[in-house]
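> here's a sequence, model it:
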Amino acid sequence: GKRLRAGQLVVLESTTYPGTTRGEVLPILEQESGLEAGKDFHLAFSPERVDPGRTDWTTKTVPKVVGGIDDASTEAAAELYGSAVDTIHRVSSPEAAELTKLLENIYRSVNIALVNELAQLCDRMDIDVWEVVDAAATKPFGFMSFKPGPGLGGHCIPIDPFYLTWKAREYGFTTEFIELAGKVNEAMPYYCRSLISQALNHGAQKSMSGSKILVLGVAYKPDIGDVRESPALKLIELLRNAGSQVEYHDPHVPSVPELGMESVPLGPGEYDCVTIVTDHSAIDYDDLVERSALVVDLRNATGTKGRTSEKVWKL
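Residues are numbered from 1 along each chain as shown. This next block holds a predicted model:
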């Protein structure tokens, strides 16, 4: 605000609840600068759309949503982003743009919760959830594939939906889908701990307490080094609390200071159980199964071979 000058454009990109740009940012800018939004400067919201590790979609090719406090602000933002991005999608207000981003993340959270819940049911019904998801994905319309896993990670999907949950309370509204999805996803590390315990008990006749367990992958998604909100951290904590000796290997994460841990060389034969938490592409999973005494695969990294191996227990 202190550095704002007449004629400039300000765009907020951080994911937030509807009303932030107009209700929070605008008053600060006007008060600090003495200028009037919409008259002296332009103000808009344009959500960040980034998927770390992807190569098929780039900043240039992912459409950019923009919504200004007035038409002139929308056009100014569209002109800015249009100089670098192929497609600009204008919406009527910053509130619509803010909610667009939340909807994108809520959509993923809810659908991931759905398949996480289904995975637990499939375990009781002795059905391979991965086979079912792959089969459903052959339908060319009306279905989008989401995969189960040990929980949600990253700085967006585990957190952002609850901005809307908080804001909705001002309107006397309860966002039940968001809250239920959060409950299911947050419980997945606990379920995965139980699966590891079951695998040790029935697959190796060993107790979790005292067992040596290698967690393979601690980043929140494959082929990146980001551990923010990674379910692997919670799972390690749960395994430690159960008395297990836990180490991890991750070619993208050399250390996790908050857990006092460093990545160890990959020697799967040294452990009672190897748990695949993040399926980095650099790992040879066929070789991993061959060299391991027991594998718990939470990501279907072992594929169809894992379905037939007596060593492999799958989510």
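> report back the residue of this structure that's furthest from centre.
In the chain, counting by CA atoms, centre = their mean, residue 34 sits farthest out from the average C-alpha position, at 40.4 Å.
> buried residues, stretch 41-52. List them.
Going by neighbour count (16 or more other CB atoms under 10 Å), the buried part of stretch 41-52 is 41, 42, 43, 44, 45, 46, 47, 49. In short, each C-beta sits where N, CA and C put it, glycine included.
> among these, which are in helices?
Among these, no member falls in helices (criterion: DSSP state H).
> any chance of those residues in CSV with distance to residue 125 as columns?
Below are the buried residues of stretch 41-52 laid out as CSV (distance: CB to CB, whole Å):
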residue, distance to residue 125
41, 59
42, 56
43, 53
44, 50
45, 45
46, 45
47, 39
49, 37
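> closest one of the residues you listed to residue 162?
residue 47 (16.5 Å; CB to CB).
> ok, and the closest non-adjacent residue to the closest one?
With sequence-adjacent residues excluded and distances taken as CB to CB, 6 or more residues apart in numbering, residue 47 is closest to residue 101, at 3.4 Å.
> so the one you found sits in a strand?
No: counting by DSSP: H, G, I helix; E, B strand; the rest coil, residue 101 is not found in a strand; it is helix.
> how many neighbouring residues does it have?
By other CB atoms under 10 Å, 23 other residues sit near residue 101.
> can you map out the strands along the stretch 151-300 of the chain?
212-216, 245-249, 255-256, 261-262, 273-276, 295-297 (DSSP state E, counting those that start in this stretch).
> identify whichever of these lies nearest to residue 63.
Among these, strand 273-276 comes nearest to residue 63, with 34.2 Å by CB to CB.
> check the gap between the residue lying closest to residue 211 once chain neighbours are set aside and residue 143 for me.
Counting by CB to CB, 6+ apart, residue 272 is the residue found nearest to residue 211 once chain neighbours are left out, at 4.2 Å. In this view, residue 272 and residue 143 are 39 Å apart by CB to CB, to the nearest Å.
> of these two, which one has the most company?
Neighbour totals were compared for residue 272 and residue 143, and residue 272 leads with 21 against 11 (other CB under 10 Å).
> ok, the more buried one touching residue 294?
Yes: Residue 272 is within contact range of residue 294, at 6.5 Å (criterion: CB atoms under 8 Å).
> now do the shared contacts for the two.
Counting by CB atoms under 8 Å, 6 or more residues apart in numbering, the common neighbours of residue 272 and residue 294 are 200, 204.
> could you pull up the residues touching the residue nearest to residue 47?
When the contact criterion is CB under 8 Å, 6+ apart, the partners of residue 101 are 15, 47, 48, 49, 65, 160.
> my guess is the fourth one contacts residue 62. True?
Yes: contact status for residue 49 versus residue 62: in contact at 4.9 Å, counting by CB under 8 Å.
> how far out from the middle of the chain is stretch 66-76?
Taking CA atoms, centre = their mean, to the nearest Å, one finds the center of stretch 66-76 at 30 Å from the center of the full chain.
> next: stretch 230-244.
With CA atoms, centre = their mean as the basis, stretch 230-244 stands 19 Å off its chain's centre.
> may I have it as PDB, with CA atoms only?
Coordinates of each C-alpha in stretch 230-244 appear next as PDB, following Å, rounded to 0.1, in the frame of the first residue of the first chain:
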ATOM      1  CA  SER A 230       2.700 -35.000   3.800                       C
ATOM      2  CA  PRO A 231       0.800 -38.000   5.200                       C
ATOM      3  CA  ALA A 232       4.100 -39.800   5.500                       C
ATOM      4  CA  LEU A 233       5.100 -37.600   8.400                       C
ATOM      5  CA  LYS A 234       2.000 -38.500  10.400                       C
ATOM      6  CA  LEU A 235       2.400 -42.200   9.500                       C
ATOM      7  CA  ILE A 236       6.000 -42.200  10.700                       C
ATOM      8  CA  GLU A 237       4.800 -40.600  14.000                       C
ATOM      9  CA  LEU A 238       2.200 -43.300  14.400                       C
ATOM     10  CA  LEU A 239       4.600 -46.100  13.700                       C
ATOM     11  CA  ARG A 240       7.100 -44.700  16.100                       C
ATOM     12  CA  ASN A 241       4.400 -44.400  18.800                       C
ATOM     13  CA  ALA A 242       3.600 -48.100  18.200                       C
ATOM     14  CA  GLY A 243       7.200 -49.000  19.000                       C
ATOM     15  CA  SER A 244       8.600 -49.500  15.500                       C
END
